[in-house]
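Undergrad: All I have is the shape, not the residue letters:
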């Protein structure tokens, strides 16, 4: 079977800045894959280019989702195909309630009769959101906003979710809770590609990983092998 997502020789230019330099990667249906690397390595730009959030004029190469090219499609069209991104920094609608934020995620769905069931699943996954249904999203903690952003992506009934730095700025106990939820989402059938600054957490969560340096993939392997790799340990996990 062909991968659900396949990126071939992807380049991205911010004007004269060559931010992504010939990246090749794939994610099979049902997999969870991570991109790790230092700040400024090109990980976020790679995700945003896949999801149609960068300027198309700067894109070179091919991005296939479900075997069809999407590199020239706008972000809303890509979302409609079932490929949804949770942006770094949450980006919830602060003046809407928790439940209103979730319902925004369902705006493209045509199977309106199934939305209530999916809403219940999200509340089961994140009980705190259920407790705070009428609360304005801007008053939530950072961890609760991250849960809300993931829940909003989930209610669109995606085939695949892209997550950008899900642990950013969160306390260790909340990070553990978020990643346990991400594992459950994947185990229930949603394919995931995520960028994560905390390489140890990333490699203990995903199935496979890609190491990105200065816009290029310099290593790829199973997460089990990457965790044992001395170069990865020294560069990204603080092991001497």
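TA: Happy to help now that I have it. Please read all numbers here as calculations on a predicted model, not as lab measurements.
Undergrad: Enumerate the positions of the helix or strand hosting residue 235 that are buried.
TA: For residue 235, the element it lies in under DSSP states H and E is helix 230-236. Along helix 230-236, these residues count as buried under the neighbour rule (16 or more other C-beta atoms under 10 Å): 232-233, 235-236. For glycine as for every other residue, the C-beta is placed from the backbone atoms N, C-alpha and C.
Undergrad: Tell me the one of the residues you listed nearest residue 195?
TA: residue 236 (12.9 Å; C-beta to C-beta).
Undergrad: got the contact list for that closest one?
TA: Contacts were defined as C-beta atoms under 8 Å, 6 or more residues apart in numbering; by that measure residue 236 touches 36-38, 199, 211.
Undergrad: Buried residues of stretch 64-73, list them for me.
TA: Neighbour-count burial for stretch 64-73, with 16+ other C-beta under 10 Å as criterion, is recorded at 64-66, 70-71, 73.
Undergrad: ah, wrong one, I meant stretch 135-146
TA: Within stretch 135-146, the residues that count as buried by 16+ other C-beta under 10 Å are 136-137, 140, 143-146.
Undergrad: And stretch 2-16, by the same measure?
TA: Residues 3-7, 10-13 are the ones in stretch 2-16 that count as buried (16+ other C-beta under 10 Å).
Undergrad: Could you do stretch 90-103 as well?
TA: 90, 92, 97-99, 101-102.
Undergrad: Next: stretch 218-230.
TA: By neighbour count with 16+ other C-beta under 10 Å, stretch 218-230 contains the buried residues 219-221, 223, 226-227, 229.
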